[in-house]
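In: here you go, sequence then predicted model.
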Amino acid sequence: AQTVTQSQPEMSVQEAETVTLSCTYDTSESDYYLFWYKQPPSRQMILVIRQEAYKQQNATENRFSVNFQKAAKSFSLKISDSQLGDAAMYFCAYRRGDYKLSFGAGTTVTVRA
Amino acid sequence: DTEVTQTPKHLVMGMTNKKSLKCEQHMGHRAMYWYKQKAKKPPELMFVYSYEKLSINESVPSRFSPECPNSSLLNLHLHALQPEDSALYLCASSPATSDATETQYFGPGTRLLVL
């Protein structure tokens, strides 16, 4: 079974600053995909970024970037130039070649004005 | 357009009621999912439909009954629910189920309260 661990239940960041969310996972697979989803208080789950395990290059989407360390089974998310709209719960998720997404417990990000 | 719509947004029902949740997508996706999410918790998978056929039932009680009338619609029929079934019910879709590259796109959810 795959497990995803997010060790930070809550993180707080000053507007315009950078925050990094950690995620580790456990798997015996070599081919899989990792995702970060954002769920604001309005509740819709939105894809932030995804990473293919076979790619060494870290994925980047505007202010969001990941640090993917395959050997360490680590997949952290960095939010740069934090904005008030970034306040949300962030879920790290793992998917291999079937239908299931395994989610971490989530990290609530608060952005201070 | 990566939109998945769900109706209703909110639903209050008694334990003897029968109600249905509806999910719709027009992205041509052939896989659709129901998740249950409790407050401050990650979503838990309930059902997966692939090409309009139920492919996965995650040991969900029979008081939840899914239905996929066509490739764009997914329903969840509710009957004789318990108060502990109160949660946010999320629908998601993806192009297919067997490819890990397929991203799941989520709807806004239906907030269900069972009295």
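Out: Thanks, I have it.
In: now the end-to-end length of stretch B:3-23.
Out: Chord length of stretch B:3-23, first to last residue, is 11 Å (C-alpha to C-alpha, to the nearest Å).
In: who's in contact with that stretch?
Out: Residues outside stretch B:3-23 that contact it (C-beta atoms under 8 Å, 6 or more residues apart in numbering or on different chains): B:24-27, B:32, B:34, B:73-83, B:89-93, B:105-115. All C-beta spots, glycine's among them, are computed from the backbone N, C-alpha and C.
In: out of these, which are buried?
Out: Buried members of those, counted by 16 or more other C-beta atoms under 10 Å in any protein chain shown: B:24-25, B:32, B:34, B:74-76, B:78, B:81, B:89-93, B:105-112, B:114.
In: looking at this, A:Leu34 is in a helix?
Out: No: using DSSP: H, G, I helix; E, B strand; the rest coil, the secondary structure at A:Leu34 is strand, not a helix.
In: for burial, what's the neighbour tally of it?
Out: A:Leu34 has 26 neighbours, counted by other C-beta atoms under 10 Å in any protein chain shown.
In: now do the strands in the chain.
Out: Answering for chain A, as no chain was given. For chain A, the strands defined by DSSP state E cover A:3-5, A:10-14, A:19-21, A:24-26, A:33-39, A:46-52, A:60-61, A:64-69, A:74-79, A:88-95, A:102-103, A:107-112.
In: sorry, I should have been clearer: chain B.
Out: Using DSSP E, strands in chain B cover B:4-7, B:10-13, B:18-25, B:31-37, B:44-50, B:53-57, B:64-70, B:73-79, B:87-94, B:105-106, B:110-114.
In: thank you, goodbye.
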